[in-house]
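In: One predicted model, sequence on top.
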Amino acid sequence: MRLLSPRTGRLLLAAGLVSLMAACNANKSGPTAELAGYTPDPALKTASTGNLTGRVRHACTVTQARLQSVSEVSLARPCGCYAQRTLSSLDQGELDAYRTNGYFNDSARAKALNALDSCKLPRPA
C-alpha cells in the first residue's frame, strides 16, 4: 500500500533535505545564498509536529547515508533522535520560521547542530 504519491514523496524529500542542509551550513554565508530559487512546500504551514518530525528524520537519513556511505535503514534510530531533539528544542518563533521558509533560521540551525552532536551523527562539512 502506498501512503504517498511519488510527487508528494519528492516534495517531502526536497523540503527535508533543504532543511537539513540549511541547518548544517552554519559556517556558510547564510542559507539564502544556497537556496536561491527555492520555494518551500506550502504544506509546511499546516503540517502537524509529527509530520515535521518525519520530514526532518527522512532528510537526515538521506543526507547521513550519503555522508557516511551506509544504508538509510541503519540511520533510522540516530536520525529519529536528531529529529526529535531538534524539533523539541525549537521555540515557537523558530518553528514558525521553519514553516514559512522551509529551512531552519540561525538560532534553530545552532540547535540542529547540537542535536547532531548529541545523537552522535557527523556534521556535514
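Out: Good, I have the coordinates. Numbers count the residues shown, from 1 in each chain.

In: CA atoms for contacts and neighbours, from now on please.
Out: Fine.

In: Tell me where the model's unsure across the chain.
Out: By pLDDT under 70, the low-scoring segments of the chain are 1-35.

In: And the helices in it?
Out: 6-24, 31-34, 49-68, 76-89, 92-101, 106-118 (DSSP state H).

In: Go through the third one and flag the buried ones.
Out: Neighbour-count burial for helix 49-68, with 16 or more other CA atoms under 10 Å as criterion, is recorded at 52-65.

In: could you redo the residues you listed as a markdown table and give each row distance to Thr39?
Out: Formatted as a markdown table, those follow (distance: CA to CA, whole Å):
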| residue | distance to Thr39 |
| --- | --- |
| Leu52 | 17 |
| Thr53 | 20 |
| Gly54 | 20 |
| Arg55 | 16 |
| Val56 | 17 |
| Arg57 | 20 |
| His58 | 19 |
| Ala59 | 17 |
| Cys60 | 20 |
| Thr61 | 22 |
| Val62 | 20 |
| Thr63 | 20 |
| Gln64 | 23 |
| Ala65 | 25 |
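
In: ok, of these, which one's closest to Ala76?
Out: Nearest to Ala76 among the buried residues of helix 49-68, counting by CA to CA, is Thr61 at 6.7 Å.

In: and that closest one, what does it touch?
Out: Going by CA atoms under 8 Å, 6 or more residues apart in numbering, Thr61 touches Glu72, Val73, Leu75, Ala76, Cys79.

In: Neighbour-wise, which one of these leads?
Out: Cys79 (28 neighbours; other CA atoms under 10 Å).

In: Quick check: it vs Ala115, distance?
Out: When distance is defined by CA to CA, to the nearest Å, Cys79 is 10 Å away from Ala115.

In: Leu87 contacts Arg55, doesn't it?
Out: No: counting by CA atoms under 8 Å, Leu87 stays clear of Arg55, with 10.9 Å between them.
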